[in-house]
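In: build me a model from this:
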Amino acid sequence: MLDFIGKSEGGEELPKIGVGILGYAFMGKAHSHAYIDLPIFFHPPPAKPILVAICGRNEKLVREAARRYGYKKYYTEWENLVKDPEVQLFDNCAPHNMHAEPCIVAAEVGKHILCEKPLAMNANEAKRMLDAVNRAGVKHMVGFNYRFVPAVLLAKKLIEEGRLGRIRFFRARYLQEWARDPSFPLVWYLRKEIAGSGPIGGLGSHIIDLARFLVGEIKSVSSMMTTFIRERPLPEDPTKKEKVQVEDAFVACIEFANGAIGTVEATYVAVGRKNYNNFEINGEKGSIEFNLERLNELRVYGVDESNKDIIGWREVLVTEAHHPFIKFYWPQGHIIGWEHTFLNEIYYFLDCIVNDKDVGPYGATFEDGYRCNVILDAIIESAKTGKRIAIQY
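Out: Numbers count the residues shown, from 1 in each chain. Now for the predicted structure:
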């Protein structure tokens, strides 16, 4: 059974990294799939991931997840997971309110950490997490997986090479519709005490990170937010309703330190939009546009247009072997999917751990996660006060 996995091309044993993951649902499945498939595509990988343990509060469900994904054991208390001596990499896929304390303790006992986004409920929590990993000297990364979409990395390459010239404008929208129905229950994504915010943290964190990744540091924000559906039924008892404490949508104007300006917006109630993470960047010489629902494509305008008669937007299919990460997958034209962003992300992080490489600037460190949380807090403050908020770290 695939006896080459865990060995280099020369046949010698690869380093092994014991993985302990907190969370077995949506993100737990995505990350587990990546650890399982990674040695197949990235051969030889920097290290062979060993699925040591998975943790969740519901013993029946976490036991089944351990069996299904192939983890050696399971826990129902995160403290036992992070202190397990076989675990070298702690992967936090829990809800937002479970990011800070487990990650801080994991750092204190010397674990490398991959934490899902947003890094924390707020900037204060994020700063505590950043301080903890810096004190411990462990590798740390935030799960901003869209940095690892080949088309997004191609966009960054074009910007860094000056193909667009000086960047003037960034506009991003992250729109979903899953909470459009007032009868949809008050799940944890919509509970302030668990999520911290609504789409500001759940979706806005992604596009704020992409703004910083592609364009640069953000200098100020001015925003609005609103809640359209004021109460929702409880998941455990649909006959009862509770007030919604988070926003349904937000929109913000942003100012970059380099002089560019932009807009960002996100919502869970945009009818017809499934997972529409879209950004457009306009420079003095060209423009680019990306849509996550067509993640193998990058739209480009004005970059190396020598014939004015045929100048216009063009669709670049980002599936050539020379494009970022594509050489690990299929022949040209054979597209990859959303799940492969996690393989790319985790491959990159394992390489940083094993070969002692810097996670930044291509991976998002806890410093990036902290800065994102500062900006998210500023968006909320601006919406509440009606004032433009300067970003201060």
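
In: what stretches of the stretch 151-300 of the chain score poorly on pLDDT?
Out: Filtered on pLDDT under 70, the stretch 151-300 of the chain yields no residues whatsoever.

In: what are the structural domain limits within the chain?
Out: What the record gives for the chain is the domain set 16-145, 148-390, from automatic domain parsing.

In: for the first one, the distance to its chain's centre please.
Out: What it means is domain 16-145. Averaging C-alpha coordinates over domain 16-145 and over its chain gives two centres that are 14 Å apart (C-alpha atoms, centre = their mean, to the nearest Å).

In: same question for stretch 282-301.
Out: Mean C-alpha position of stretch 282-301 versus that of the full chain (C-alpha atoms, centre = their mean) differs by 20 Å.

In: flag every buried residue along that stretch.
Out: 282-283, 286-292, 295-301 (16 or more other C-beta atoms under 10 Å). (Glycine included, C-beta is placed from N, CA and C.)

In: among those residues, name the ones in strands.
Out: The subset of the buried residues of stretch 282-301 located in strands under the criterion DSSP state E comprises Asn282, Gly283, Ser287, Ile288, Glu289, Phe290, Asn291, Glu297, Leu298, Arg299, Val300, Tyr301.

In: can you list those in a markdown table and add distance to Ile113?
Out: Formatted as a markdown table, the entries for these read as follows, by distance: C-beta to C-beta, whole Å:
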| residue | distance to Ile113 |
| --- | --- |
| Asn282 | 36 |
| Gly283 | 36 |
| Ser287 | 37 |
| Ile288 | 32 |
| Glu289 | 34 |
| Phe290 | 28 |
| Asn291 | 31 |
| Glu297 | 33 |
| Leu298 | 31 |
| Arg299 | 35 |
| Val300 | 36 |
| Tyr301 | 40 |
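
In: which of the residues you listed lies closest to Ile167?
Out: When those are compared for distance to Ile167 (C-beta to C-beta), Gly283 comes out closest, at 5.0 Å.

In: now do the contacts for the closest residue to that closest one other than its chain neighbours.
Out: If you skip the residues right next to it in sequence, Gly283 has Leu164 as its closest partner in space, 3.0 Å away by C-beta to C-beta, 6 or more residues apart in numbering. Leu164 makes contacts with Leu158, Ile281, Asn282, Gly283, Glu284, Lys285, Gly286, Ser287, Ile288, Gly302, Val303, as judged by C-beta atoms under 8 Å, 6 or more residues apart in numbering.

In: how close does Leu164 sit to Thr263?
Out: For Leu164, the distance to Thr263 (C-beta to C-beta, to the nearest Å) stands at 18 Å.

In: then Arg371?
Out: Applying C-beta to C-beta, the value for Arg371 to Thr263 is 19 Å.

In: who's more crowded, the two?
Out: Arg371 (23 against 14; other C-beta atoms under 10 Å).

In: my read: the more buried one touches Asp377, true?
Out: No. In this structure, Arg371 is not within contact of Asp377 by C-beta atoms under 8 Å, at 10.8 Å.

In: tell me which element Asn277 falls in.
Out: Under the assignment given by DSSP states H and E, the secondary-structure element containing Asn277 is strand 276-283.

In: partner strands of that strand, with direction?
Out: When pairing is defined by DSSP bridges, strand 276-283 lines up against strand 167-175 (antiparallel), strand 287-291 (antiparallel).

In: out of the ones you listed, nearest to Pro102?
Out: Closest to Pro102 of the strands paired with strand 276-283 is strand 167-175 (C-beta to C-beta; 26.4 Å).
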